[in-house]
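In: Need the 3D shape of this:
(2 chains)
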Number of protein chains: 2
Amino acid sequence: MGRRTRAAVPLGIALDATGPDTLHGQIREQIRGAILQGRLACGARLPSSRLMAAELGCSRGTVLAALDQLVAEGYLVARAASGLSVARDLPDEMLAPAAVNAPSPATHPGPPILPERTKAILRPATGLEAPMSGAQLMAFPIGQPDRESFPFPLWAKFLERDWRRPVWDMAGSCHPFGHPELRQAIASYLGTARGFSCEPDAVVITSGVRQSVSLFARIVLEAGDQAWIEEPGYPGIAEALLAAAVRPVAIPVDGSGFAPAAALAAAPDARLAIVAPSHHFPFGTVLGLQRRLALLAWAQRTGGWIIEDDFDGEYRYTGRPLAPLRALDRAGRVAYLGSFSKLLFPALRLSYIVLPATLVPVAQTVMQRISAPAPLLGQGALARFIAEGHLISHLRRTRLLYAGRQQRLMEAVERHLAGLMTVVPDSGGMHVVARPVGDLASAFDDSIATAAVAATGVRVAPLSICYRGADRQHGFLLGYAGTPEHEIDPAVRILARVLEHMIPAP
Amino acid sequence: MGRRTRAAVPLGIALDATGPDTLHGQIREQIRGAILQGRLACGARLPSSRLMAAELGCSRGTVLAALDQLVAEGYLVARAASGLSVARDLPDEMLAPAAVNAPSPATHPGPPILPERTKAILRPATGLEAPMSGAQLMAFPIGQPDRESFPFPLWAKFLERDWRRPVWDMAGSCHPFGHPELRQAIASYLGTARGFSCEPDAVVITSGVRQSVSLFARIVLEAGDQAWIEEPGYPGIAEALLAAAVRPVAIPVDGSGFAPAAALAAAPDARLAIVAPSHHFPFGTVLGLQRRLALLAWAQRTGGWIIEDDFDGEYRYTGRPLAPLRALDRAGRVAYLGSFSKLLFPALRLSYIVLPATLVPVAQTVMQRISAPAPLLGQGALARFIAEGHLISHLRRTRLLYAGRQQRLMEAVERHLAGLMTVVPDSGGMHVVARPVGDLASAFDDSIATAAVAATGVRVAPLSICYRGADRQHGFLLGYAGTPEHEIDPAVRILARVLEHMIPAP
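Out: A predicted model of the protein is given here:
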């Protein structure tokens, strides 16, 4: 009988005592495979665990562990008198040899069928996306600060201190607006550095400008409402509005920046204006006082809202920083946006929005219910970094450094790009805009040029992607802040060589 | 003449040498204030800097610093022969005394006028929102792990080591899918702990289940497509689908969990199924093998997709964990979701999705262009935590702890809630579901009851918010994992007292 039953084991189980899997795991997987591949038919009876153990040369406990699991999973069913058999209710089509003999998913399925909206995203590179790991980061990434200046050992020490014995709020959830000490530190910093006072209560820590814009638009506007944005402008802002179901209306900037009169003419019913008055993106224009006041007057008169994006108000090399709109806002209509990612290091991913005080209670409930709070992990360390004065001294150091880099870049442009591109120096920020001149300008397409430049290892971003409308200027954004000084001249020389090849034949 | 010009200074500037502001800052702000308040009229001429300095008893350089700034900001204009005067082009309405004499925005504006969609969010508490800072965290928070078990000193050390001297990719941007070492650690962990192998390439680090679901739905579905979700289920999943413009179709679960046949009948054209086969939320049902295979067969036959939410597959107290769907997927149609926030501590906010291999290149581009990568700050430390075996031992410790807490909770329920509520023990997870019985059940509204319970300091979540349709069961979710053992019995006693008062009079 032992022999007969032994012959009834069609499992072909082969155990490997030296492999990484446990013996009962090997038995379980091989029986499972036999069932799924149809080698063990539905309803087939299994030999007893005792016989299987003898057959396989292992303990009965090992076999039972494997069989119990398969019963729990429903592959096997226990029958009162006659031991275990393969379940009868497994769907045939999953047991068809064709389906299961196919190679593993890692290798076989063809390219997936994608929806149209996904295909639309798979366009050529724009130059503004996050760089891939291992990409050779040279000149001229946008929004990238210098990599050597940040005091990482200090930062690591602050992180360690903060997490060694976290208070419960830190390890659990926290106030939906973020770490109380960080909000306090930001409020003090803004008082000193940007000249307006705000309650720490009104400071909301977010994971970026997009979250700040979406959150605010979500709170103050109805779905379908319109918001004025600058044309050109930072592409993330329009995306953030769309995510909040708000319609962006792009208002072309002129030589003095955003024009409230033009905006009113284009979309008189807009309920929100998003502007970068200290330093327009990407042109660096400073919005004049007259227009600032006109914008505030509009908000006050109509109950409109303003988002002031002060994305790199910290970097100003000539002249003095202008007082932000928020400092002039007496009616409580201005939300102020700032970010640390561009000031310290991009992986930090911490920004903030200072809300008008009346919106604080509402925003608290909205954050609790429909928006995720920014990650807490670095907030305590950042609070200490700011409160102990390290942010101010880091800004002082990098301001000198970046001013020097812009200077080197302007010299290199003069040396290598004459007759190809013109670059206007910027009194602030971390990048400049280069525009084609002469023969190059006649048929210049900045997306094509960006790709051609990228092939040499130099990263530039096309100016045209900052536009939403059809009337786009073409050119490059050159980020110099994160470009080591010695790489600037060689990179501009490479750029010149690529551009020379792009001049159309006469 | 000195006297006459002195008389012409109507600024009323009073300097305070002991105050926190610089002298030039005080001069600047007081002149700005005088202009905005209309005390200094448009076009009015200012005295020379020399006279102002004499008048104010400070250096001329101090006065010039203040005036230069006001010129730069456009409040003052320089006229060739006659020094500085107030700009003429400032909008009248901003200078009206009524507007500027209003108190500061922190105190004055009335409650803001809010859009309807924001008002809709300001409903009564649901019990599932993030707790406020300072809130007394007692029994029975949902999704909260034990606060004492996590080895924070070790975690702090890993953070410090990781950031002391970060590689450039860490401090800058990184691979859009996250830290390579963490993705490697997760792939190995899944092989050991959940029994399926995947390439580290297919692991995407996200900031939560919502981001994972939105990202996947965004990639594989067209806007307007339908997705099956479990009814009841985790509310964040429907929200995440809506954020990706995908229509959730809620399929009522039965005693065996999600029923593919019912789903096909309700929405035959759905392109995605989101299920929690290891442990249904909130009931804990385990999906049987027959239905698992039927779901896989559907995906394979129709080119549909499956998201397997294994949100607390790690906690199983009786029986053995079942093999995930992903382990059975030969056709590459299953994305697998896991999370660390519930296992380690909520502030970590790191989850992951394991993509079908064919979608990896597409997802990479989509992440680079329209989705924010998860914050890097803790990813290196978490990679080491997993790779060095600390996750496995933490799970082993907490599994024992939580099994004990569920046991204590069941005992307390039997002691105090008999005749009020019934609780079925769960073979896994971090919470149980309590349902009213007897007289209490007749008119029980769990939102009202949750609010009444919350007033005593005990946190429960209403069962009804896990439903999307009108046919809702009422009850409480009681999270025991994060509730210290000695608080369990007293909290259930409090619960009983509140519920007794809610029994309708006969």
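In: alpha carbons only for contacts and neighbour counts from here, please
Out: Noted.
In: Residue in the stretch 401-506 of chain A with the shortest distance to chain B?
Out: A:Gly482 (9.9 Å; CA to the nearest CA).
In: Mind pulling up the pLDDT for that residue?
Out: Looking at A:Gly482, its pLDDT is 92.
In: Now it. Its backbone dihedrals?
Out: When read as degrees, to the nearest 10, the backbone of A:Gly482 gives phi -90, psi 10.
In: From B:Leu182, how far off is A:Ser207?
Out: 21 Å (CA to CA, to the nearest Å).
In: Low-confidence stretches in the stretch 101-250 of chain A?
Out: Within the stretch 101-250 of chain A, the ranges that satisfy pLDDT under 70 run A:101-109, A:123-137, A:168-173.
In: Can you show me the helices along it?
Out: Assigned by DSSP state H, counting those that start in this stretch, the stretch 101-250 of chain A shows helices spanning A:116-121, A:152-164, A:168-171, A:180-193, A:209-220, A:235-243.
In: same question, the stretch 351-500 of chain A
Out: Counting by DSSP H, counting those that start in this stretch, the helices of the stretch 351-500 of chain A are A:360-370, A:379-387, A:390-416, A:438-441, A:446-454, A:485-500.
In: So for chain B, which of the helices of the stretch 101-250 of chain A sits nearest?
Out: Using CA to the nearest CA, the nearest of these to chain B is helix A:152-164, at 4.4 Å.
In: Quick one: name the residues of the stretch 251-400 of chain A near chain B.
Out: When proximity is defined by CA under 8 Å from any CA of the partner chain, the stretch 251-400 of chain A lies next to chain B at A:288-290, A:293-294, A:296-297, A:319-320, A:322-323, A:329-332, A:345-349, A:356-359, A:362, A:365-366, A:368-369, A:375-378.
In: make it 7 Å
Out: Contact residues (CA under 7 Å from any CA of the partner chain) of the stretch 251-400 of chain A with chain B: A:288-290, A:293-294, A:297, A:320, A:322, A:330-332, A:345-349, A:357-359, A:365-366, A:368-369, A:375-378.
In: Please name the residues that touch A:Leu440.
Out: Shown in contact with A:Leu440 (CA atoms under 7 Å, 6 or more residues apart in numbering or on different chains): A:420, A:502-504.
In: run the last query once more with 6 Å
Out: By CA atoms under 6 Å, 6 or more residues apart in numbering or on different chains, A:Leu440 lies in contact with A:Ile503.
In: same deal with A:Leu76?
Out: By CA under 6 Å, 6+ apart, the contact set of A:Leu76 is A:70, A:85-87.
In: Find the nearest non-adjacent residue to A:Met421, please.
Out: Nearest non-adjacent residue to A:Met421, counting by CA to CA, 6 or more residues apart in numbering or on different chains: A:Pro436, 4.2 Å away.
In: and the nearest residue in space to A:Leu241 that is not next to it in sequence, how many neighbours does it have?
Out: Leaving aside its chain neighbours, A:Leu241 sits nearest to A:Ser214 (5.7 Å; criterion: CA to CA, 6+ apart). When counting by other CA atoms under 10 Å in any protein chain shown, one arrives at 21 neighbours for A:Ser214.
In: and the residue of the stretch 401-506 of chain A closest to chain B, how many neighbours?
Out: For A:Gly482, the neighbour count with other CA under 10 Å is 24.
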